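Enquirer: just a sequence and a predicted model for now, questions to come.
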Amino acid sequence: MARNQPHSLAVGGLAALAVALGIGRFVYTPILPGMMADLGLTAGEAGLIASANYAGYLVGAIVAAMPMPASRRTILAATLIVSAATTLTMAGLSALWAIIAIRFVGGIASAGGMVLASGLVLQRSRELGDTGAPGLHFAGVGVGIVLSSLLVIIVRGAGLDWRVEWLISGLVSVLLAGMAIAKIDDKAPTTSAVKPAQARLSGGLLPLILAYGLFGAGYVVTATFLAAIIHGEPSLQAIEPVAWLVVGVSAMFSVAIWLKLAERWGVLAAFAVACVIEAIGVAASAGPVTQASMLFAALLLGGTFMGMVALGFLAARERVSGDPQPILAWMTASFGIGQIIGPLAAGVLHDRMGDFVLASLGAAMALILAAVLALLTVVVSKKAGTV
C-alpha cells in the first residue's frame, strides 16, 4: 500500500504512538517498582520524575503549536528518534537529577509525536473519508503498553533488573520508530490553517480544554502508580506482572469501542460517560485493595483513557476548520498541566499519609468534574451554533 493511503498513514501513526506514548511514556509505570527498590526512591521522588516527564510533555505541546521550521514528517521523525534514545538512556542512569532531565526530554518528544502524528492522521482521514483510521492510529498507545508489559515480564522472568527492561524497551522503540517514519509521508494537510487564537476561543473550546486538563490530572495517578501500589502489598504481588498488561490490552480495543459509542451518543457525551467510568476505576484503586479491585481498576483505566484521548481530539477537531494541529497542541498542553499536578500531589500525599487513598479519591473527583465540563461544552457549542 502506498504511503499516501490513509490506512498506511494510520499504521505509521499507530507505530508513532507506540514509541512516543505506549513505551516512551508509560513503560515507566511497570519499571518503577524495581527502580524505587534499587535506587531507594521515595514515592515523592517517583512522582517528581513522572511530573518532569509531563512537564516536558507540556513544553512539547506548546512547541508543536508553533509554525514548523521543516516538514512535519521530518520533525515527527526527530521526535521519535529522541523518544527512543531517551528510553535507551534510562538504562544507564542512577542519579535522580539525570533521570529527571532525561524524562523531561522524553516528555517533549512524546508530546511532539502525539500532536504531529495525530494531526496528520486526523486531517488526512477526514479529507479522504476514512472513518477507521483514527481508531487504528490511537490503538498504538495500547499496542506499546502491551509490548512493553510483555518485555518487562520476560526480562523479570529471566532474573534481570530494571536497567535491562529500559534497554530492551528502547531497542523495540528504535524498530517501531523506523516503521513509523517509513509509513508516514510528507504531504501537508490540504485545507487552510486556522490561527491558534481563533481555535481557542470558538465553539465552546474553553470548557473542553479545561475538561481535558482535568482528565489528565485524574487518570495519571493510577497510570503512574498502579504498579507501585500493587508492589507495595504482599497479597497483590501475584498480579503485578499482569496488571499493566491488562491496561494495555484493554487500551488497544477501547478506542474503536468509544468511537462507535460516540457515533450513537455524540462525541462529548461519550467522553463524559468515559470520565465517569474511569473515575469508578480510579476510586477502586483507593481501597479496599484486593487483587480483584486492582485488576478492575486496570481494566477500567485501559478501557477508557485512550478512548478519551481520541474523543477529546475529535471533539476539538469538530470545532475548527482547516489544520487541526494548533488546537490539538493546546488540548495536549492542558492535558500536560493536569499530568504535572497529578503525580506531584499524589507523591506528596503518599509520603505524608502513607498510601494513595486520598490521591486516588481526588483524582476520581477531577474526572467527575471533567465529565460535567464536557457536557457544558455541548451546551456552549449549541449556543455558538457549532454542533
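Expert: Noted; the coordinates are in hand.

Enquirer: contacts and neighbour counts: CA atoms only from here.
Expert: Noted.

Enquirer: what segments of this protein are helices?
Expert: 6-17, 28-39, 43-64, 72-89, 96-128, 133-157, 162-183, 196-201, 205-231, 240-265, 267-284, 291-318, 325-353, 357-384 (DSSP state H).

Enquirer: just checking, residue 285 touches residue 294?
Expert: Yes - assessed by Cα atoms under 8 Å, residue 285 is found in contact with residue 294 at 5.7 Å.

Enquirer: one step back: can you list the helices of the chain in CSV and add mean neighbour count and mean pLDDT?
Expert: Formatted as CSV, those follow (neighbours: other Cα atoms under 10 Å; pLDDT from 0 to 100):
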stretch, mean neighbour count, mean pLDDT
helix 6-17, 29, 85
helix 28-39, 19, 91
helix 43-64, 26, 87
helix 72-89, 23, 94
helix 96-128, 23, 88
helix 133-157, 24, 89
helix 162-183, 21, 94
helix 196-201, 16, 43
helix 205-231, 25, 87
helix 240-265, 21, 90
helix 267-284, 25, 95
helix 291-318, 23, 90
helix 325-353, 24, 83
helix 357-384, 22, 86
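
Enquirer: from residue 116, how far out is residue 350?
Expert: Per Cα to Cα, to the nearest Å, residue 350 is found 36 Å from residue 116.

Enquirer: burial count for residue 69?
Expert: 8 (other Cα atoms under 10 Å).

Enquirer: please apply the same query to residue 232.
Expert: For residue 232, the neighbour count with other Cα under 10 Å is 12.

Enquirer: can you check the pLDDT for it?
Expert: Per-residue confidence (pLDDT) for residue 232: 80.

Enquirer: roughly how far does it sit from residue 226?
Expert: 10 Å.

Enquirer: same deal with residue 57?
Expert: Residue 57 is 21 Å from residue 226, by Cα to Cα.

Enquirer: cool, and residue 8?
Expert: According to Cα to Cα, residue 8 and residue 226 sit 34 Å apart.

Enquirer: and residue 175, by the same measure?
Expert: 28 Å.

Enquirer: go on, residue 150?
Expert: 16 Å.

Enquirer: how about the contacts made by residue 300?
Expert: Residue 300 makes contacts with 247, 277-278, 280-281, as judged by Cα atoms under 8 Å, 6 or more residues apart in numbering.

Enquirer: repeat for residue 269
Expert: Each residue near residue 269 by Cα under 8 Å, 6+ apart is listed here: 262, 374-375.

Enquirer: tell me the phi and psi of residue 94?
Expert: Per-residue torsions, residue 94: phi -130, psi -30 (degrees, to the nearest 10).

Enquirer: what's in contact with stretch 221-229?
Expert: The set of residues external to stretch 221-229 that reach it, using Cα under 8 Å, 6+ apart, is 26, 28-30, 32-33, 47, 50, 240, 243-244, 282, 285, 298, 301, 342-343, 346, 356, 359-360, 363.

Enquirer: let's see that with 7 Å instead.
Expert: Applying Cα atoms under 7 Å, 6 or more residues apart in numbering, the external contacts of stretch 221-229 come out as 29-30, 32-33, 240, 282, 342-343, 346, 360, 363.

Enquirer: and the residues you listed, which is closest to residue 208?
Expert: For those, the residue nearest residue 208 by Cα to Cα is residue 363; the value is 18.0 Å.

Enquirer: spatially nearest residue to that closest one (excluding sequence neighbours)?
Expert: For residue 363, ignoring the flanking residues on the chain, the nearest one in space by Cα to Cα, 6 or more residues apart in numbering is residue 218 at 4.1 Å.

Enquirer: now do residue 356
Expert: Closest residue in space to residue 356, ignoring its immediate chain neighbours: residue 350 at 5.4 Å, by Cα to Cα, 6+ apart.
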